[in-house]
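[1] This is a predicted model, with the sequence first.
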Amino acid sequence: MKRRNLLVILALFLFNLMPSLTPAYDLPAVNLGFTSFLDGGPPAGPGFYFSQYIQYYTADQLNDGNGDEIPFPNPDLEAWISLSQGIYQSDHDLLWGGKWGIDMIVPIVGLDISYDQPGPFPQDNGSGLGDVLIGPFLQWDPVIKDGRPIFMQRIELQMIFPTGKYDDDKALNPGSNFFSFNPYWAGTLFITPNWTATTRIHYLWNAENDDAAGPAEKSTAGQAIHLNFASAYAITPTFRLGINGYYLRQLTDSEVDGIDVEDGKEAVLGIGPGLLWSINPDNHLFFNAYYETEVENRPEGQRYNLRWVHHF
């Protein structure tokens with residue numbers, strides 16, 4: 001009976017796993033650590049941008065609601081995520097001085113989980129298209145004082161569409177199979193000309209999944225707040241070094257067939273070093289590493305992110 005209970009808990013932990021955040025319950029893929037320094041505004045003003053992200057996540061520990069490791073037979077989780085992003089930033093005011101723009105992200109996901117022992121453990125659904133993100137946004141011009149930028153900010157009404165590969169017989173899927181609304185505010189403060197602090201704060205609302213994984217028929221992921229934060233110092237005109245992190249906290253219980261899932265809320269804090277190389281005004285390369293702690297109802301691991309931004 002004890003072994004059976006552990007298997008049930010593992011199934012809950014990995015239900016609808018999305019590798020870009022590697023959630024272990026049923027939250028969809030969200031931005032944990034993909035963006036960091038100078039996120040409050042585009043690096044080269046209005047126009048078209050293309051960004052390519054490559055992120056690697058690995059974990060060998062699954063935590064319960066108290067943050068304790070569950071004694072499974074050495075799970076080994078790996079996820080590779082590619083995000084291709086297109087952005088158009090206009091030069092026309094739309095509302096309250098904010099200039100309108102549009103953002104679109106197409107993810108490709110590869111994931112794998114293995115165990116030291118055979119058994120009826122959750123299996124992955126391999127590689128495939130993830131859930132596409134689209135968001136209209138307003139970008140405000142930088143606040144200038146004494147000839148230098150002081151603050152810049154943006155609001156985006158981001159939406160996550162259930163376009164990804166999904167199989168209700170698999171616990172680990174590239175797609176979530178439900179729509180999510182994930183608006184955010186991002187801002188960057190120039191503390192000095194060389195020292196900046198940045199944050200991006202999201203609120204996550206999820207619609208119903210009418211083809212839930214496992215024995216359930218329907219499920220609804222709980223609402224959550226998640227944010228990225230970073231601070232960097234320009235050691236040269238082209239290099240910035242700093243610290244970056246992310247935090248997620250699920251606020252409401254998820255539901256399975258209309259019943260609240262108690263003690264199933266997710267939480268995670270990731271912190272690590274990062275750097276930004278501004279190759280030239282139109283090309284920028286970011287690298288960020290994150291090491292997770294304070295993890296509840298999720299895998300606990302490490303995340304490494306590489307991002308290239310090009311302005312046409």
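    Arrived safely. Numbers count the residues shown, from 1 in each chain.
[2] can we go C-alpha only for contacts and neighbour counts from here?
    OK.
[3] need the strands for the stretch 201-312 of the chain, in chain order.
    208-209, 219-220, 224-234, 239-250, 255-256, 259-260, 267-280, 283-296, 299-311 (DSSP state E, counting those that start in this stretch).
[4] These: which one's closest to D167?
    strand 208-209 (12.1 Å; C-alpha to C-alpha).
[5] Show me what the closest one is in contact with.
    By C-alpha atoms under 8 Å, 6 or more residues apart in numbering, the residues outside strand 208-209 that reach it are 176-179, 218-221.
[6] okay, the strands of the stretch 201-312 of the chain in JSON lines with mean pLDDT and distance to T196 next?
    Formatted as JSON lines, the strands of the stretch 201-312 of the chain follow (pLDDT from 0 to 100; distance: least, C-alpha to C-alpha, whole Å):
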{"stretch": "strand 208-209", "mean pLDDT": "94", "distance to T196": "39"}
{"stretch": "strand 219-220", "mean pLDDT": "92", "distance to T196": "38"}
{"stretch": "strand 224-234", "mean pLDDT": "98", "distance to T196": "6"}
{"stretch": "strand 239-250", "mean pLDDT": "98", "distance to T196": "9"}
{"stretch": "strand 255-256", "mean pLDDT": "90", "distance to T196": "40"}
{"stretch": "strand 259-260", "mean pLDDT": "90", "distance to T196": "42"}
{"stretch": "strand 267-280", "mean pLDDT": "97", "distance to T196": "12"}
{"stretch": "strand 283-296", "mean pLDDT": "97", "distance to T196": "15"}
{"stretch": "strand 299-311", "mean pLDDT": "97", "distance to T196": "19"}
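[7] nearest to I144, of these?
    Using C-alpha to C-alpha, the strands of the stretch 201-312 of the chain put strand 224-234 closest to I144, at 18.9 Å.
[8] Tell me which stretches of the stretch 1-150 of the chain form helices.
    In the stretch 1-150 of the chain, the helices defined using DSSP state H, counting those that start in this stretch lie at 2-13.
[9] Sketch out the low-pLDDT regions of it for me.
    Along the stretch 1-150 of the chain, the model assigns pLDDT under 70 to residues 1-25.
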